[in-house]
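> Task: produce atomic coordinates for the following.
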Amino acid sequence: MRFNRCLAGLLLVCLSACSGDGKREISESSANSQVTVQGSAPLAATTVAQARQAAIDDAVANAAVQLRRKNGSKILISDIKVVDEWQDGGQYHVQAVAVTSDKQLCASPYRKKLVATAFPIMNAEQISGTESQDLFSGIPREISNRLMESGDFIARNQTNVFLYARPDTAPEIPADGGLPGAAIFNMARQNDAQLVLSGVIRDFKIESTEYTRGSGVFAQMKWAMRDVIARRSVGIDVFVHDGFTGALVFQHRYTETILGDVSLPAGYTVGSLRFDSTPAGHAITEIVSQASDDIQKLFGCYPFSARVSQVSGNRVTIAAGAQDKIKAGDRMTVYSAGFSHNAGLGFSNTLGILTIDQVGPTLASGSIEAGSIVRPGDWVRSLDTP
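This next block holds a predicted model:
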């Protein structure tokens, strides 16, 4: 008995050392700086709005030059705020404060709508009936919750819906006689969402303890601990589709290894304290954290899109408002969704520029150039680019 206890202690130390190699260590600098810059652009042969935007672009370029001189490395502008603007001598001038960070982040002026769908498991036998059944809806729910907390997203919960009838072929979705990507377009349109979050639990397998490979002292140690310690692998694929073009814009596989108590008791919900207190739950929480951080970093730079909900003459109303950070004076490109009910065929036809002049909590409206034929279901895209 004493010998077995010694073997157990030694085995725990050895296996812990081995398992640590697979962890992803992330070290990010959080150094921020702030500079005040000016920009200008000629007013001749252009509108005031175009000259203003050109002056802001000039201020951003000037900020980038100053920061390179100070730091000797490329730094992204994560936020720029115009604090003063004026016209003088045929020029439009702006003064702006640029807040910069050496993190690869890109702040967007808009909040993007995202709808989260369920994560099916590829091998159903890997989760027993005595374990938590919340993983399928809980993982996407917690990713979207964290994105909401960042302030850059509005999340819609459809985690009772599975996009993948065959998880082994994800992210491919069979056309089912309709257009390719119809499931993505329909999910996005029904929830007025720009982005569709989906995923698959590829692996949640417990290593068998019935057979110990090899011989010698280490094999005997593992055999002695076969009923006390186990190993469980976790692999989760996370996908994000553009709901207007159907494009797969994010795909990543996250993996972890659980050592020790690998159980995940029934009734434990993803995101709860007692879920995170278990080794298996903590590993999944780490994946949720990594995935939400990666999605936020990428889509902070992604242009904003929204659906056209109403049209009356040259007045166009879009399904986005103050909650999405839409402001009076914002200008957006209007695109045709085509004549199919499966809206979202991409940049098939540019219809004109929409200038917003009225903003409500969830809707905004404005005017488009006369002669432009816009229909409900068409969509707008912000003029800002990454």
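> Can you tell me how far G260 is from I287?
18 Å (Cβ to Cβ, to the nearest Å). Placement of C-beta: from N, CA and C, glycine included.
> Looking only at neighbour counts, state which of the two leads.
I287 (20 against 17; other Cβ atoms under 10 Å).
> Am I right that that one sits in a helix?
Yes: counting by DSSP: H, G, I helix; E, B strand; the rest coil, I287 is located in a helix.
> The spatially closest residue to it that is not a sequence neighbour: what's it in contact with?
Distances taken as Cβ to Cβ, 6 or more residues apart in numbering put Y254 closest to I287, at 4.3 Å, once the chain neighbours are dropped. By Cβ atoms under 8 Å, 6 or more residues apart in numbering, the contact set of Y254 is 234-238, 287, 290-291.
> T46 too?
A54.
> Report the buried residues of the top helix by length along the chain.
Counting residues, the longest helix found in the chain (DSSP state H) is helix 48-71. For helix 48-71, the neighbour count (16 or more other Cβ atoms under 10 Å) marks 51-56, 58-59, 62-64, 66-67 as buried.
> Tell me the one of those nearest I206?
I206 has its nearest neighbour among those in L67, at 50.5 Å by Cβ to Cβ.
> follow-up on the earlier one: for the longest helix of the chain, give the mean pLDDT please.
What helix 48-71 shows for mean pLDDT is 76.
> next one: stretch 330-339
For stretch 330-339, mean pLDDT is 81.
> Can you give me the distance of D293 to G300?
11 Å.
> Show the contacting residues for L298.
249-250.
> State the pLDDT value of it.
Reported pLDDT for L298: 87.
> and it, what element?
helix 279-299 (DSSP states H and E).
> And the residue nearest the centre of this protein?
Most central in the chain under Cα atoms, centre = their mean is I295, positioned 2.9 Å from the mean C-alpha point.
> Please settle this for me: is the residue nearest to I287 part of a strand?
Yes: under three-state DSSP, Y254 falls within a strand.
> hey, what's it bridged with?
I236 (DSSP bridges).
> For stretch 262-282, the averaged confidence score.
89.
> pull the CA atoms of it into PDB?
The C-alpha trace of stretch 262-282 is given here as PDB (Å, rounded to 0.1, in the frame of the first residue of the first chain):
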ATOM      1  CA  VAL A 262     -11.800  14.300 -15.900                       C
ATOM      2  CA  SER A 263     -15.500  14.100 -15.000                       C
ATOM      3  CA  LEU A 264     -18.000  16.900 -15.700                       C
ATOM      4  CA  PRO A 265     -21.000  16.200 -13.500                       C
ATOM      5  CA  ALA A 266     -24.600  16.600 -14.800                       C
ATOM      6  CA  GLY A 267     -26.200  19.900 -13.900                       C
ATOM      7  CA  TYR A 268     -23.000  21.900 -14.200                       C
ATOM      8  CA  THR A 269     -23.600  24.800 -16.700                       C
ATOM      9  CA  VAL A 270     -20.900  26.400 -18.800                       C
ATOM     10  CA  GLY A 271     -19.800  29.700 -17.200                       C
ATOM     11  CA  SER A 272     -20.800  28.900 -13.700                       C
ATOM     12  CA  LEU A 273     -18.300  28.900 -10.800                       C
ATOM     13  CA  ARG A 274     -18.700  25.200 -10.000                       C
ATOM     14  CA  PHE A 275     -18.300  24.300 -13.700                       C
ATOM     15  CA  ASP A 276     -15.000  26.200 -13.800                       C
ATOM     16  CA  SER A 277     -13.900  24.600 -10.500                       C
ATOM     17  CA  THR A 278     -13.600  21.200 -12.200                       C
ATOM     18  CA  PRO A 279     -10.400  20.500 -14.300                       C
ATOM     19  CA  ALA A 280     -12.600  19.600 -17.300                       C
ATOM     20  CA  GLY A 281     -14.700  22.700 -16.900                       C
ATOM     21  CA  HIS A 282     -11.700  24.900 -16.400                       C
END
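> Can you give me the buried ones in that stretch?
Buried, per 16+ other Cβ under 10 Å, within stretch 262-282: 262-264, 268-272, 275-276, 278, 280-281.
> Looking at the contacts of Y254, spot the one nearest E149.
A291 (14.0 Å).
> Just the element for the residue lying closest to that closest one once chain neighbours are set aside, please.
Setting aside the residues directly before and after it, A291 is nearest to V238 in space (Cβ to Cβ, 6+ apart), at 4.7 Å. In this structure, V238 sits in strand 230-242 according to DSSP H and E.
> list the helices and strands that strand packs on?
When contacts are defined as 3 or more Cβ pairs under 8 Å, 6 or more residues apart in numbering; DSSP states H and E, strand 230-242 packs onto strand 195-203, strand 248-260, helix 279-299.
> as a whole number, average confidence for it?
On average, strand 230-242 scores 91.
> Just the angle for that strand relative to helix 279-299, thanks.
Interaxial angle of strand 230-242 relative to helix 279-299 (axes from the mean of the first three to the mean of the last three Cα atoms, to 10 degrees): 20 degrees.
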